[in-house]
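**Q** Give me a 3D structure for the following:
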Amino acid sequence: MHLVLVHPEIPNNTGCIGRLAVGLGLPLHLVQPIGFSLEDKYLKRAGLDYWSKVDLRLHENWSACLKSLGATTERLHFFTARGGTSLFDVGFSKDAILVFGGESQGLPAEILDAFPSQRVRIPIKNEIRSLNIADAVCLAAYTALVSAEMPLP
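**A** Have a look, this model is predicted:
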């Protein structure tokens, strides 16, 4: 299973997600451009002393990420506030690829439009637009691991 952040913007969130990735033993893919330096103090503060343990894979663009992952459509799950199947109704495989967009814009329309049947949403009340990305990745990762019947650490 893989975690992918496309154009992340906030170092604190990425640091938290990196820490989660270490805790779950999952690789973290970052698709450029990213909105901060990988040397950012807030990234490292959020990731604590675990940041150096992240199985981090940096990709020049979305196409390079897809190629690197050998991604097939059924493995891809695109998390978005713009429709899709409820997270709790998706059957995840052990080699699932969980893809999340940047904090302010979400996933680019061209990515979502290319994979309309692979959209996943986290059910929330209409009073808010979305969850914090680190919260969403955490919820999605644990749910996917349980769905795929993978052992939790």
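**Q** In the protein, where is pLDDT below threshold?
**A** Applying pLDDT under 70 to the chain picks out residues 40, 46-48.
**Q** What are the boundaries of the strands in it?
**A** Remark: strands assigned in the chain by DSSP state E are 2-6, 28-31, 56-59, 76-79, 85-86, 97-100, 119-121.
**Q** Quick one: the ones you listed as a markdown table, columns for distance to Gly15 and mean neighbour count too.
**A** Heads up, the C-betas are built off the backbone N, CA and C, glycines and all. Listed next are the strands of the chain as a markdown table, based on distance: least, C-beta to C-beta, whole Å; neighbours: other C-beta atoms under 10 Å:
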| stretch | distance to Gly15 | mean neighbour count |
| --- | --- | --- |
| strand 2-6 | 11 | 24 |
| strand 28-31 | 11 | 23 |
| strand 56-59 | 11 | 16 |
| strand 76-79 | 19 | 23 |
| strand 85-86 | 28 | 12 |
| strand 97-100 | 15 | 26 |
| strand 119-121 | 24 | 21 |
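**Q** could those strands go into a markdown table alongside distance to Met150?
**A** Converted to a markdown table, these look like this (distance: least, C-beta to C-beta, whole Å):
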| stretch | distance to Met150 |
| --- | --- |
| strand 2-6 | 13 |
| strand 28-31 | 17 |
| strand 56-59 | 20 |
| strand 76-79 | 15 |
| strand 85-86 | 20 |
| strand 97-100 | 13 |
| strand 119-121 | 18 |
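**Q** can you pull the contacts of Ala71?
**A** Residues in contact with Ala71 (C-beta atoms under 8 Å, 6 or more residues apart in numbering) are Cys65, Ile97.
**Q** Return the backbone torsion pair for it.
**A** Phi and psi for Ala71, reported as degrees, to the nearest 10, are phi -70, psi 130.
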